[in-house]
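Asker: The amino acid sequence is not available; the structure is as follows:
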């Protein structure tokens, strides 16, 4: 079992419903977010291209945040989901510095590091992560990429895709369909 | 493998019914049906789309998901307020409901006595308006208006009515999910989050449909398009006519359909003869080759092609004619009544709860048109404002205003007229959930509870399948806020209109209506929505079917005999519009997916996503003005109106050099909106030049030009 996410940049309109659904589901304080939307524009008017991406923790196979955590608070859970155990976290911030995706932040009131969990609490109940479940354009796919019959495996076998910052060697597990 | 979340989560049980309460969204007019999920303490935890609702298919947009921010907003109105006489004009005192409503009833009766009941008018938007509409009609006035007509979609309703004999309504019957080609003209789907349509656009992308977007701005939709036509602003009608030219001259139109269904083809052909792509190039700056290529793409997809009618179409005052050209193009492509084009929608007629007939009003909004706008299908809001200005000495004066759910100063252009009218009306009641700017002008402010805390009428809207949806309160109204039905009823009782409110609670009305429809409150509480069978089983024209179209000729009118009768161009003509003078840029405005007009700009969740607008400028323009990243400016329009607040420039290639762009709904100047106050620029305040559509009274707002006032230079800034 290896959980992963694929996001179709051809369909995403950048509405940020994923961001707000995550905030509400995970009680992320206002002013912080575990996922976010980026927009990249290249070219000169009128020869332009734009890519909109919903980004979050990449739940890397080779996760620098886990390797650098001095207390073992950051760990890789079942299915490859990278998690933080709040009461083991001393808030040193090493993981925040090590992440090439800027996916972690210090929780403003509780002090520990916070990040996307792939909504593991929902996934364990057989549900989709909150962001995936609300997306109006259905541009997000989540599932087990070790299962060739899963929707995410199917779409990744059919479409071109990329990952973010492959040069960092983190083997990220959020794929962008291009 | 994972199950679809919908199945696991929404198998309803009676126990579950106490934890999830049905509603439909009021953050925008799309009205997606949703569950309001409660936590263990009975507080609102989250909102989730209802799976089978065709408006949302179980997926809300960010505003729908963040709608609970409306309920939790710390700045909400929770007590009735009355203006303090003799104060600084901005002082209000808290009063009881009885005092507020007695005051209003007394004033209404006094106006009725002196000027007739028709002198009291209602401006409204959204579900609450229906309750006040009932009240006002019972009182004897049919002067009811909504800016959603003359400030928004009115022209396209008339343009399509003149062509196909019927208006479009909401949601529009566009069969986007099955289309092979979607043409968007200034319509920025994806940024305007018309949920069902955005979802279907995504489906269409999956199916490999071609999208053609015409926009001077590289919109989100443009970035999803096979062809983006970066048109010179204000020239869209020339492009439409040239497309018609190509489709006719190259014989690409649906000949059989045109012959059987339409009227006036030869005259149309003759009319567009000279409107070649080369002619069009000089006007629109779109290359002839691209005009031909896109016309052929549309024709190649015919009849599964949609030239989208748009929604906010009040641009240049010739908007009915432009939407007529859109309708004509659709007719030539045979897309009306065809799969992947426009389907025939159906809705459930909700039976009217039995109350006495309304008294007959002696005059109505038509009289306010004063012989103008002969084809207006609904009331024209700005004529209400003019009739309220004393110096206009209107034969049909309006003296009292009820305003429900619409923030007029950020909605109706040319604020000076509004401000003048406000001075002259004798009664101004504003009903809102929030201290919007409009409440600052009122004599009485009535605090309404949000849609999450109240009953309203059933939602019944046209769709592929007729559906109804129920709204019921999930929680008690906050503070002393009340639902609109309660306010209307209490006011009705004080006005002696008891016979029109023969119920204690609006639930009785809903129960009666649901019973007539063969269902019940109990059932609807479990399902939230209910689907009905169609009267006409076919979504599309059947083979060989040639229906009667409700036009004067009974055909789809390429050549409009009704427009001709009224002395308007029976075929659309391109007319050049004024262009910005030196150092001025056309003010274009639009939507962002996380906001609805000015009503969401104080919502915690939504402002967290976007707390202000920015002014988009092309890098060339930025260079001329010396703008850097972070530069703040004020905007000044052609009439010298300067924005209240500064705005940050966003230097981007996504905008043409002859125009600027800002998202509508920001620049609030009421300090009671603590999150929204002073953030960004209010575009409506800068729209002082209005190009009014002579056909139906639409207020064209895209003919305003702005320049920059420099106010602040950030140090050490780099681009």
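Answerer: That came in fine, so what should we check first? Predicted model, so just to flag it, every value in this text is computed and none were measured. Numbers count the residues shown, from 1 in each chain, chains lettered A, B, ... in the order given.
Asker: count of neighbours near residue B:39?
Answerer: The criterion is other CB atoms under 10 Å in any protein chain shown. On that basis, residue B:39 has 10 neighbouring residues. No exception for glycine: its C-beta is placed from N, CA and C like everyone else's.
Asker: If you could redo that for residue B:96, that was the one I meant.
Answerer: 11.
Asker: Please apply the same query to residue B:98.
Answerer: Residue crowding around residue B:98 was assessed by other CB under 10 Å; the count is 11.
Asker: Distance of it relative to residue B:105?
Answerer: From residue B:98 across to residue B:105, the span is 10 Å (CB to CB, to the nearest Å).
Asker: is stretch B:289-297 up against chain A anywhere?
Answerer: No: against chain A, stretch B:289-297 shows no contacts by CB under 8 Å from any CB of the partner chain, the least distance being 10.6 Å.
Asker: which phi and psi does the residue lying farthest from the centre of chain A have?
Answerer: Taking CA atoms, centre = their mean, the residue of chain A most remote from its mean C-alpha position is residue A:46, at 32.4 Å. Taking degrees, to the nearest 10, you get phi -100, psi 20 for the backbone angles of residue A:46.
Asker: now do residue B:22
Answerer: Dihedral angles of residue B:22 (phi, psi; degrees, to the nearest 10) stand at phi -70, psi 150.
Asker: Now do the contacts for the closest residue in space to it that isn't next to it in sequence.
Answerer: Sequence neighbours aside, residue B:528 is the residue nearest to residue B:22 in space, at 3.3 Å (criterion: CB to CB, 6 or more residues apart in numbering or on different chains). Residues in contact with residue B:528 (CB atoms under 8 Å, 6 or more residues apart in numbering or on different chains) are B:22, B:23, B:33, B:34, B:35, B:50, B:53, B:469, B:470.
Asker: tell me which element the fifth one falls in.
Answerer: Taking DSSP states H and E as the criterion, residue B:35 maps to strand B:33-38.
Asker: That strand - what's its average pLDDT?
Answerer: Averaged across strand B:33-38, the pLDDT comes to 97.
Asker: now swap in stretch B:354-373 and tell me
Answerer: Averaged across stretch B:354-373, the pLDDT comes to 96.
Asker: so the residue farthest from the centre of chain A touches residue B:230, yeah?
Answerer: Yes: using CB atoms under 8 Å, residue A:46 is in contact with residue B:230, at 4.0 Å.
Asker: so what sits against both of these two?
Answerer: Here residue A:46 and residue B:230 have residue B:218 as joint contacts, going by CB under 8 Å, 6+ apart.
Asker: How much space separates residue B:272 from residue B:328?
Answerer: 9 Å.
Asker: tell me, what's touching those two both at once?
Answerer: Counting by CB under 8 Å, 6+ apart, the shared contacts of residue B:272 and residue B:328 are residue B:244.
Asker: could you dump the contacts of residue B:528 to CSV with neighbour count?
Answerer: Below are those laid out as CSV (neighbours: other CB atoms under 10 Å in any protein chain shown):
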residue, neighbour count
B:22, 21
B:23, 29
B:33, 28
B:34, 31
B:35, 23
B:50, 26
B:53, 25
B:469, 24
B:470, 25
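Asker: quick check, nearest of those to chain A?
Answerer: Taking CB to the nearest CB as the measure, chain A lies nearest residue B:34 of the contacts of residue B:528, at 11.0 Å.
Asker: before we move on, back to that, next, the contact list for the residue farthest from the centre of chain A, please.
Answerer: Applying CB under 8 Å, 6+ apart, the residues near residue A:46 are B:218, B:228, B:230.
Asker: mind redoing it with 10 Å?
Answerer: B:216, B:218, B:222, B:228, B:229, B:230, B:231, B:285, B:286, B:653, B:654, B:656 (CB atoms under 10 Å, 6 or more residues apart in numbering or on different chains).
Asker: among these, which are in strands?
Answerer: Cross-referencing the contacts of residue A:46 against strands under DSSP state E gives B:228, B:229.
Asker: Of residue B:272 and residue B:328, give the one with the bigger neighbour count.
Answerer: Neighbour count, other CB under 10 Å: between residue B:272 and residue B:328, residue B:328 has more, with 31 against 23.
Asker: Check the gap between the nearest residue to that one once chain neighbours are set aside and residue B:262 for me.
Answerer: Excluding the flanking residues, the one nearest residue B:328 by CB to CB, 6+ apart is residue B:558, at 5.4 Å. Relative to residue B:262, residue B:558 is positioned 5 Å away (CB to CB).
Asker: before we move on, what about residue B:20?
Answerer: Distance, residue B:20 to residue B:262, by CB to CB: 50 Å.
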